[in-house]
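Asks: Return atomic coordinates for the entry below.
(chains A, B, C and D)
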There are 2 protein chains.
Amino acid sequence: MAVTLADVAARAGVSSATVSRVLNGNYPVSGSTRERVQRAVEELDYVVNGQARALAAATSDLVGVLVNDVADPFFGILASALQTEIGAGAAQRGGGGKLAVVCNTGGSPEAELTYLTLLERQRAAGVVLTGGAVESEEHTAAVRARLVRLAASGTRIVLCGRPPLTGPDDGPPVTTVTFDNRGGARRLTEHLLSLGHRRIGYVAGPVERSTTRHRLEGHREALAARGLGPDTPEGAGALRLTVHGSYDRPSGYDAALELLRREPRLTAIVAANDSVALGVCAALRDRGLSIPDDVSVAGFDDLPFSADACPALTTVRIPLAEAGTRAGRLAMGRQSPPPGGVATITTELIVRASTAPPVTSGS
Amino acid sequence: MAVTLADVAARAGVSSATVSRVLNGNYPVSGSTRERVQRAVEELDYVVNGQARALAAATSDLVGVLVNDVADPFFGILASALQTEIGAGAAQRGGGGKLAVVCNTGGSPEAELTYLTLLERQRAAGVVLTGGAVESEEHTAAVRARLVRLAASGTRIVLCGRPPLTGPDDGPPVTTVTFDNRGGARRLTEHLLSLGHRRIGYVAGPVERSTTRHRLEGHREALAARGLGPDTPEGAGALRLTVHGSYDRPSGYDAALELLRREPRLTAIVAANDSVALGVCAALRDRGLSIPDDVSVAGFDDLPFSADACPALTTVRIPLAEAGTRAGRLAMGRQSPPPGGVATITTELIVRASTAPPVTSGS
DNA sequence: ATCGTGGGAGTAAGCGCTTACTGCGCTGTG
DNA sequence: CACAGCGCAGTAAGCGCTTACTCCCACGAT
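Replies: Coordinates of the predicted model:
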């Protein structure tokens, strides 16, 4: 049915091996032969069969990209940069550009393993795992085992925005690109403290995620540096004002109401991320509180919509596009892994209109 | 190196054909043999080689998804729904779940063709083309030819949010899912007109895109229905107040300033989409104008951030997730094409806080 | 006891490519 | 003039699977 190498060979009056050589350009072929072959290729509209090529050469043109959900801007931006890097050079022959297989895991460990299996079937050249899910002991072990096996078969594995893999042999052939969540959270809370806030509520993400823990730790570090620890007298510290939820807007809405119920004198709320912060803002507005006059609000991630939110959100910028590009380069083997296998991406405090000094100073 | 069918066969004491049959479950195999094979598969951690399978069975586990940029929420939502539908059933054996290959074309015709070639190489089972780019005569023809060839080789082609393909034979084997842009735009402008607005500026997208044209047509239809055509005396009609740009925020910012320069008495601005609308809002604010008191603003698409924008945006909702699911089903052959090959997704006017009656009535 | 029947399993021929190995014809050297 | 050396190109053996075809054997019918 479709045109094959043999057809091209017949037309050009050469053997199929020669056609293959011309196509791949990795063997010496005389000029005249090359031209004849190329003409035949064009005349027949020949397109190589990637499956056959992959099988014979034991290579793959696919790189997997696991995200919670590409519709979420956080993952969308990451995936976009990853795809662009992975596909780079696809235009030129031998450019090394590959196809990015994007998979929504929805944060489900099962879905993650399912997709890893599918990618293993396809003998993917690389796999980038972003975000992630419930980091249960069991799940982590299962994923770890799978990744080790994949890596052993030559698949490059990159974790992005996830905790590095550790385990028995302590040096799995997996590289990691993480964000400085702790530092960002610390700077953000320092910002609020230096504005004069003392009663700060914190809306955290799911407890079992390391991102949540790191951000919370940064927050607590900043508090502790001012002597506002978990043991500080009521009303001074903010730790008791932590509420956990998921990383979405509705969760932020509910959490804000819960925080206000527990401590109506709150002057600032730090959210797990920007989406949550939007929910917090909505809840505050519905309560008749103005931002930042009554309550300051801060987010995390600095997604594109944050600058246009109402009011513009103070947040911590994660350079997602750069992180994605970096992870993509690693997955493509275009860059050697960082020493220790872990690259940390720095974050930056972005101050906008949603934070201001508390009107009724509570210090 | 890797475990192969033959290894499993040897271990189970059967032929490789039998193993294949057990794995695919499409041939009768006795219970005891089946069990023996399954045990061998598990003991050896066998994972089929998808490339070899694809080659032998002339099938493919890939479906291509072309978008302008997954980082853009519009495409992110579409891609997310597409991926979810394409991957559905991947967990069960024979569930038919496939892998979604997402490609950012950046709206470039060349990139689009490049990725189509790559997907053709991989003998993708289907390709979904969304968004798109400059719809030049030349490019359309090139893409058309490629799609016809792909379709001829059994690849299912679905266009989503693009004009249906037409041509010589007038019935290319390509199905299309379009949005009712014209109707949405008409209802939106009617909404503004019924609020009392008469001096309405329009910030359109790139001229050469059909989406732009359809939205503009809907807008003009609404105006014409009130007798406000291009020939209406100065100040009454809005057509002269059309500015073209691209579908992004900066473009909206510039366009809004331009519109105000041309007609300072403007009471409403309709934007090409929500991102553009955000730019328009920013420009108005920078000009010291309040929304909607001084000027009403409306967007298009109803992306998630629109409800949290400042103020919440009146817009036209496109059910992108449903459209993506629908397109995915078509690309997977899970649903037969609509009669005529074109399915139109209806749009819905969403009124929020960014539109209100003009304060100084200009009627 | 013979034969037909049919379910279950093996044989082997590809699928379309890559690539190690071989071979051929030419040039340069002793 | 014989022979080594080299640049090209052909031969053919896979890569790991699927599947048409064949074969075997147990079983029921005659």
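
Asks: Show me where chain A has its strands.
Replies: Per DSSP state E, chain A carries strands over the ranges A:62-67, A:99-104, A:126-130, A:156-160, A:174-179, A:200-204, A:242-244, A:268-271, A:296-298, A:315-317, A:342-345, A:348-350.

Asks: TSV for the ones you listed, including mean pLDDT?
Replies: Listed next are these as TSV, based on pLDDT from 0 to 100:
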stretch	mean pLDDT
strand A:62-67	98
strand A:99-104	98
strand A:126-130	97
strand A:156-160	97
strand A:174-179	95
strand A:200-204	95
strand A:242-244	88
strand A:268-271	97
strand A:296-298	98
strand A:315-317	98
strand A:342-345	96
strand A:348-350	98
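
Asks: can you tell which of these is closest to residue B:196?
Replies: Closest approach to residue B:196 among the strands of chain A is made by strand A:296-298 (35.8 Å; Cβ to Cβ). In short, each C-beta sits where N, CA and C put it, glycine included.

Asks: ok so, going back, nearest to residue B:247 among the strands of chain A would be which one?
Replies: strand A:99-104 (22.2 Å).

Asks: That closest one - contacts with which helices or strands?
Replies: Contact analysis of strand A:99-104 by 3 or more Cβ pairs under 8 Å, 6 or more residues apart in numbering or on different chains; DSSP states H and E lists strand A:62-67, helix A:73-87, helix A:109-121, strand B:62-67, helix B:73-87, strand B:99-104 as its packing neighbours.

Asks: So which of those is nearest residue B:247?
Replies: helix B:73-87 (8.3 Å).

Asks: Contacts for stretch A:275-295 next, please.
Replies: Applying Cβ atoms under 8 Å, 6 or more residues apart in numbering or on different chains, the contact partners of stretch A:275-295 are A:72, A:203, A:205, A:245, A:247-257, A:260, A:266-269, A:271, A:297-300, A:303, A:305-306, A:309-311, A:313, A:315, A:353-356, A:359, B:308.

Asks: before we move on, back to that, go through the strands of chain A and pick out the most buried.
Replies: The highest mean neighbour count among the strands of chain A, using mean count of other Cβ atoms under 10 Å in any protein chain shown, belongs to strand A:268-271: a mean of 32.

Asks: Just the pLDDT at the residue of the stretch 151-300 of chain A found nearest DNA strand D, thanks.
Replies: As assessed by Cβ to the nearest atom of the strand, DNA strand D sits closest to residue A:153 within the stretch 151-300 of chain A, at 10.7 Å. pLDDT, residue A:153: 93.

Asks: quick one, what contacts residue A:301?
Replies: With contact taken as Cβ under 8 Å, 6+ apart, residue A:301 is in contact with A:74, A:273-274, A:315-318, A:320.

Asks: Can you tell me which of those residues comes closest to DNA strand C?
Replies: Of all these, DNA strand C sits closest to residue A:320, with 35.9 Å by Cβ to the nearest atom of the strand.

Asks: Quick check: closest non-adjacent residue to the closest one.
Replies: Excluding the flanking residues, the one nearest residue A:320 by Cβ to Cβ, 6 or more residues apart in numbering or on different chains is residue A:77, at 4.3 Å.

Asks: Run a quick neighbour tally on the one you found.
Replies: Using other Cβ atoms under 10 Å in any protein chain shown, residue A:77 is surrounded by 25 other residues.

Asks: Where among the helices and strands packed on strand A:99-104 is average confidence lowest?
Replies: Mean pLDDT is lowest for helix A:109-121 out of the helices and strands packed on strand A:99-104, coming in at a mean of 94.

Asks: PyMOL command for the buried members of the contacts of stretch A:275-295?
Replies: A single PyMOL command selects the buried members of these (16 or more other Cβ atoms under 10 Å in any protein chain shown):
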select buried, (chain A and resi 72+203+205+245+247+248+249+251+252+253+254+255+256+257+260+266+267+268+269+271+297+298+299+300+303+305+306+309+310+311+313+315+353+354+355+356) or (chain B and resi 308)
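
Asks: Which of the contacts of stretch A:275-295 fall in helices?
Replies: Assigned to helices by DSSP state H, the following of those qualify: A:249-257, A:260.

Asks: Just the closest of these to residue B:177, please.
Replies: residue A:249 (28.0 Å).

Asks: for the closest one, what are its contacts?
Replies: Residue A:249 makes contacts with A:275-276, A:278-279, A:282, as judged by Cβ under 8 Å, 6+ apart.

Asks: now with 6 Å?
Replies: Residue A:249 is in contact with A:275, A:278-279, counting by Cβ atoms under 6 Å, 6 or more residues apart in numbering or on different chains.

Asks: for residue A:158, same thing?
Replies: So residue A:158 contacts A:128, A:175, A:327, A:330-331 (Cβ under 6 Å, 6+ apart).

Asks: For it, list each beta-bridge partner.
Replies: Counting by DSSP bridges, residue A:158 is bridged to residue A:128, residue A:175.

Asks: which sections of chain A are below the confidence cut-off?
Replies: Counting by pLDDT under 70, the ranges of chain A that qualify are A:1, A:93-94, A:167-172, A:230-240, A:360-363.
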